[in-house]
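Participant: any chance you can model this:
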Amino acid sequence: MDMNYLSCLEMLETASQPLRIAVTGGRHVGKTTALKLFYAEGCRMGISIYGVVENAVFVGERRVGYEFMDLFTKETCAVAHRTESLEYCFFDQAWVWAESKLKISQGYDVLIVDELGRIEAQNEGWMPMLCRSLKMYPRHLIASVRDDALPDIESILGKFDEIVWI
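Facilitator: Numbering: from 1, shown residues only. Sure thing, here's the model as predicted:
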């Protein structure tokens, strides 16, 4: 595991207030994989950590959609599917599922959230429920953030304490 991950997790253990860490980079560079490493290492270190990542769904070599995955239970929920025009259509029940996971996360010290991107930069998708959850139950946040959305995400969530570039 890269020292950036370890040093970030160690920062969380000693912080006197909730920290926000962004894992950032372009499309398909390994942000989700990095979050999974944060989760695994955090569990190994005995950190109270909970998270949801967004996995790509493939049929053969073709990306056909995305699904959320609870890192603890491995439960999944379809988020979006790719239309014939190659745009993504989001499923409303995915946001209900995501909000239920944010409620579960309230009992943990660290929350991992995957893929804050262009939708969240417009204060949609994860963003409204994530802001409410963090305000009601302050805790550390580790979030993957698309590099092209980072300034807009910070304007909504506040400045990240640490940025890990992938």
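Participant: tell me which strands the strand or helix carrying residue 69 pairs with, and in which orientation.
Facilitator: Assigned by DSSP states H and E, residue 69 belongs to strand 62-70. With DSSP bridges as the test, strand 62-70 is paired with strand 49-59 (antiparallel), strand 76-82 (antiparallel).
Participant: got JSON lines for these, with mean neighbour count, mean pLDDT and distance to residue 15 too?
Facilitator: (Each C-beta comes from the backbone N, C-alpha and C, glycine too.) Formatted as JSON lines, the entries for the strands paired with strand 62-70 read as follows, by neighbours: other C-beta atoms under 10 Å; pLDDT from 0 to 100; distance: least, C-beta to C-beta, whole Å:
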{"stretch": "strand 49-59", "mean neighbour count": "18", "mean pLDDT": "96", "distance to residue 15": "14"}
{"stretch": "strand 76-82", "mean neighbour count": "17", "mean pLDDT": "96", "distance to residue 15": "31"}
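Participant: can you lay out those strands as JSON lines showing distance to residue 145?
Facilitator: Shown next, in JSON lines, are the strands paired with strand 62-70 (distance: least, C-beta to C-beta, whole Å):
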{"stretch": "strand 49-59", "distance to residue 145": "13"}
{"stretch": "strand 76-82", "distance to residue 145": "17"}
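Participant: residue 70 is nearest to which of the ones you listed?
Facilitator: Taking C-beta to C-beta as the criterion, residue 70 comes closest to strand 49-59 out of the strands paired with strand 62-70, the separation being 5.8 Å.
Participant: for residue 94, what are its contacts?
Facilitator: Neighbour list for residue 94: 68, 77-80 [criterion: C-beta atoms under 8 Å, 6 or more residues apart in numbering].
Participant: now swap in residue 64 and tell me
Facilitator: 57-58, 81-82.
Participant: out of these, which comes closest to residue 137?
Facilitator: For those, with residue 137 as the reference and C-beta to C-beta as the criterion, the closest is residue 57, at 30.5 Å.
Participant: from residue 163, how far off is the residue lying closest to residue 150 once chain neighbours are set aside?
Facilitator: Of all residues not flanking residue 150 in the chain, residue 24 sits nearest, at 5.6 Å (C-beta to C-beta, 6 or more residues apart in numbering). Separation of residue 24 from residue 163 (C-beta to C-beta, to the nearest Å) stands at 6 Å.
Participant: settle it for me: which of these two has more neighbours?
Facilitator: Neighbour comparison, residue 24 and residue 163: the larger count goes to residue 24, with 23 against 17 (by other C-beta atoms under 10 Å).
Participant: so how far is the one helix or strand that one maps to from its chain's centroid?
Facilitator: In this assignment (DSSP H and E), residue 24 forms part of strand 20-25. Between the centre of strand 20-25 and the centre of its chain there are 9 Å (C-alpha atoms, centre = their mean, to the nearest Å).
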